[in-house]
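Peer 1: here is my input; please provide its structure:
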Amino acid sequence: MTEKATARVELGLAHWAMVMTAASIASRVLGFLRNTAISALFGQNRLTDMLNTSFVIPDTIYLVLVGGGISSAFIPVLSTYLAEKREKEVWEVVSIAFNTVLLLVSLAILLCMSATPFLVRLVAPGFDDQEVAYTAFLTRIGLVSILFHSLNGVLMGTEYAYQSFIGTVIGPLVYNAAIIVFGIILAQPLGIAAFAVSTLIGAFLNFLVQVWGVGRLKPRYSLSLNFYHPAIRRIGHLMLPVALGLSIAQINLFINQTFIASFLPQGSINALTLASRVVMVPMLFATSIGITLLPALTRLAAQEERETFRSYLVTSLRTIVFLALPATVGLMVLGEQVIKVLFEHGRFTRQDTLLTAGALTFYALGIAAYGAYEILARAFYALQDTRTPLKTSLLTLALGTVLNFTLGPLWGVRGLALAYSLAGWFNAFLLYYSLRRRGLVPMDFGAVGRTIVQSLGGALIMGLVLKLLAGRIALGWPALGVAREGLELLIMIGLGAVLYFGLAWVGHMEELEHLRRILRRRFRRTRPVGGQETRDV
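Peer 2: Below is the predicted model:
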């Protein structure tokens, strides 16, 4: 390929990287609008608790059978075949994967359908008989939708491997938009079940979009179920540890947000769910850095360049800390205002806001820990060691279970959120210690510790200023209502960001320059990274 042709390819990929980033942000916004619509129509009570609980079992099926395998195994294997010009085998592998997912997920759905009430009691033992029955009804609708989500995962993975992104950009937007539109339309006749039905409609429409997207690649589908194909065996080998890890993470999440919360006052499950979704927004930065870091670490590990590997790893950890600490302080100071702007509409009351904001405050304490995990776990994956993160996840699950059962009954949703954050810190420290034993991170905290002190100092100053300004920024346009409150919140966030990054610039913090390089590389990378379809329900 000539330099001019290569430049055209790189420019096209950079363009799609920016389009996909914008689409991801738009999809996230639609996701919040969906949650806002549910909150406004139904408030925060046992109904919303049952709706959130109904997604636990379908999501678990998706994550274990499909989700983890798409980014960790399916896309890399397809990409290898394409690089070797073996396109005929690519479509054979895609066909086998599609048929296998269709078969396995269908069997899992049928089994779960027959045992849904039992599974609901297992997930939410605090529900009474009527609540179990209605949650089981909602779960069965969700189980049907998960079939389309699973098939979408295979189709989107195929598009990513071919670097054809139009379907992957449009599909999630259609999915979230359909949930909002059909949920609102059907709310009157169906009640809260409207949003279970609209999720099914959205998943089906997304499936049609992905069929169209793959159809543009001129596929050659076959009814093959050759489980012994080398590529299928390789995919299975690669995805097994990831699936186990995701299973553990899902168990930890449902114990935290559903199992114990089902015994708490009505609305507790919904409060934890909404708070966790808000706190995931700053986590997008950690995921982005991790995606950028993994290929570099893998190459360095293969070349046995330990010092450079260590430098990349420590610098990325420092960048995570640099971003996570102000996000933590910001959410602790502005959390109540954030929840109010996003959700306090219609039947979602002031008391609901306070309950959700309380959970958000303590979830925010774990942002740096879970951000560090994104980096540390990828360091082990680069070393082709998937067992260590799996072992630490098992230990974390054990500790998290003890903390959940201890702090949940004592402090309600705040205790459960705190338990989740503490478990995250435990996991991060275990991984850090394991890497330290290999000499891949400093024996002492050194540069990382210095970053913690500097970032925490800047974040606390920012938080103090925001606390002093809270309630004092009023635009005086009462007719604008929610829009005015949202604009006031954006001004506060903007002021906080300017102050924090300004302090970092004055303090000559190296992380600021590293962050700039990461963002530049993110938009100029020559190979976009595919991933699993987002199940943000």
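Peer 1: any idea which element the closest residue to Ile166 other than its chain neighbours lies in?
Peer 2: Excluding the flanking residues, the one nearest Ile166 by CB to CB, 6 or more residues apart in numbering is Gly213, at 6.0 Å. From N, CA and C alone the C-beta is placed, and that goes for glycine too. In the assignment (DSSP states H and E), Gly213 maps to helix 193-215.
Peer 1: hang on, the earlier thing: ok, the residue nearest to Ile166 touching Thr168?
Peer 2: Yes - if you go by CB atoms under 8 Å, Gly213 and Thr168 touch, sitting 6.9 Å apart.
Peer 1: picking up where we left off before, for the residue nearest to Ile166, give me its contacts.
Peer 2: Neighbour list for Gly213: Leu155, Met156, Glu159, Ser164, Ile166, Gly167, Thr168, Ile170, Gly171 [criterion: CB atoms under 8 Å, 6 or more residues apart in numbering].
Peer 1: flag the least confident of those residues.
Peer 2: The member of the contacts of Gly213 with the lowest pLDDT is Ser164, at 80.
Peer 1: that one: neighbour count?
Peer 2: Burial measure for Ser164: 15 neighbouring residues, criterion other CB atoms under 10 Å.
Peer 1: element containing it?
Peer 2: Following DSSP H and E, there is no helix or strand that holds Ser164.
Peer 1: my guess is it meets Arg216, correct?
Peer 2: Yes - here Ser164 reaches Arg216: they are 6.6 Å apart, a contact under CB under 8 Å.
Peer 1: state the distance from the residue nearest to His229 when sequence neighbours are not counted to Leu331.
Peer 2: Nearest non-adjacent residue to His229, counting by CB to CB, 6+ apart: Ile96, 5.9 Å away. Note on Ile96: its distance to Leu331, by CB to CB, to the nearest Å, is 45 Å.
Peer 1: so for the two, which residue has more residues nearby?
Peer 2: With neighbours defined as other CB under 10 Å, Ile96 and Leu331 compare such that Leu331 has more, 25 against 21.
Peer 1: for the closest residue in space to the more buried one that isn't next to it in sequence, what are phi and psi?
Peer 2: Distances taken as CB to CB, 6+ apart place Ala364 nearest to Leu331, at 4.0 Å, with adjacent residues excluded. Note on Ala364: backbone dihedrals following degrees, to the nearest 10 are phi -60, psi -30.
Peer 1: quick one: Ala364 and Ala504, what's the gap?
Peer 2: Here Ala364 is placed at a distance of 20 Å from Ala504 (CB to CB).
Peer 1: more neighbours: those two, which one.
Peer 2: Shown here are Ala364 and Ala504; by other CB under 10 Å, Ala364 has more neighbours (24 against 20).
Peer 1: hang on, the more buried one packs against Val338?
Peer 2: No - if you go by CB under 8 Å, Ala364 and Val338 don't touch, sitting 10.4 Å apart.
Peer 1: export stretch 194-201 to CSV, keeping only CA atoms.
Peer 2: Output of stretch 194-201 as CSV, limited to C-alpha atoms (Å, rounded to 0.1, in the frame of the first residue of the first chain):
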residue,chain,number,x,y,z
ALA,A,194,-44.2,-0.9,28.7
PHE,A,195,-40.4,-0.4,29.2
ALA,A,196,-39.8,-4.2,29.2
VAL,A,197,-41.7,-4.4,25.9
SER,A,198,-40.0,-1.3,24.5
THR,A,199,-36.7,-2.9,25.3
LEU,A,200,-37.7,-5.9,23.3
ILE,A,201,-38.8,-3.7,20.4
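Peer 1: any idea how far it is from the chain center?
Peer 2: Relative to its chain's centre, stretch 194-201 lies at 21 Å (CA atoms, centre = their mean, to the nearest Å).
Peer 1: ok, of the contacts of Gly213, which one's closest to Leu515?
Peer 2: Lowest distance from Leu515 to the contacts of Gly213 (CB to CB) belongs to Thr168, with 26.4 Å.
Peer 1: tally of neighbours for the closest one?
Peer 2: By other CB under 10 Å, neighbour count at Thr168 equals 25.
Peer 1: what's the answer for the one 3 residues further on, then?
Peer 2: Other residues within reach of Gly171, judged by other CB under 10 Å, total 27.
Peer 1: that one contacts Met156, correct?
Peer 2: Yes - the pair Gly171 and Met156 passes the contact test of CB under 8 Å, sitting 7.0 Å apart.
Peer 1: what about the helices in the stretch 101-250 of the chain?
Peer 2: Using DSSP state H, counting those that start in this stretch, the helices assigned to the stretch 101-250 of the chain run over residues 116-123, 129-161, 166-190, 193-215, 230-254.
Peer 1: report the angle between the axes of the second one and helix 193-215?
Peer 2: Note on geometry: by axes from the mean of the first three to the mean of the last three CA atoms, to 10 degrees, helix 129-161 and helix 193-215 are set 20 degrees apart in direction.
Peer 1: which strands or helices does helix 129-161 pack on?
Peer 2: The contact analysis (3 or more CB pairs under 8 Å, 6 or more residues apart in numbering; DSSP states H and E) places helix 129-161 against helix 46-54, helix 56-62, helix 75-83, helix 87-114, helix 116-123, helix 166-190, helix 193-215.
Peer 1: quick one: mean pLDDT for the longest one?
Peer 2: The average pLDDT for helix 87-114 rounds to 92.
Peer 1: got it, and the second one?
Peer 2: On average, the pLDDT along helix 56-62 is 89.
Peer 1: give me the helices and strands touching it, please.
Peer 2: By 3+ CB pairs under 8 Å, 6+ apart, helix 56-62 packs against helix 87-114, helix 116-123, helix 129-161, helix 230-254.
Peer 1: in the protein, where is pLDDT below threshold?
Peer 2: Residues of the chain that meet the criterion pLDDT under 70 lie in 1-21, 68-69, 71-72, 288, 290-295, 442-445, 473-481, 518-537.
Peer 1: 50 instead, please
Peer 2: The chain contains residues with pLDDT under 50 at 1, 5-7, 9-14, 525-537.
Peer 1: hey, what's the angle from the longest helix anywhere in it to helix 230-254? Just curious.
Peer 2: Ranked by residue count under DSSP state H, the longest helix found in the chain is helix 387-437. Relative orientation of helix 387-437 and helix 230-254, computed by the same axes, to 10 degrees: 80 degrees.
Peer 1: identify the contacts common to Gly213 and Thr168.
Peer 2: With contacts taken as CB under 8 Å, 6+ apart, the residues that reach both Gly213 and Thr168 are Met156, Glu159.
Peer 1: break this protein into its domains for me.
Peer 2: 1-220, 241-519 (automatic domain parsing).
Peer 1: can I get these in JSON lines including distance to Pro230?
Peer 2: Conversion of the domains of the chain to JSON lines gives the following (distance: least, CB to CB, whole Å):
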{"stretch": "domain 1-220", "distance to Pro230": "9"}
{"stretch": "domain 241-519", "distance to Pro230": "19"}
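Peer 1: most centrally placed residue in this structure?
Peer 2: Residue closest to the mean C-alpha point of the chain, counted by CA atoms, centre = their mean, is Met280 at 6.5 Å.
Peer 1: does that one belong to a helix or a strand, and which?
Peer 2: Taking DSSP H and E as the definition, Met280 sits inside helix 268-302.
Peer 1: look up how far Leu464 lies from Arg310.
Peer 2: Between Arg310 and Leu464 the distance is 36 Å, computed by CB to CB.
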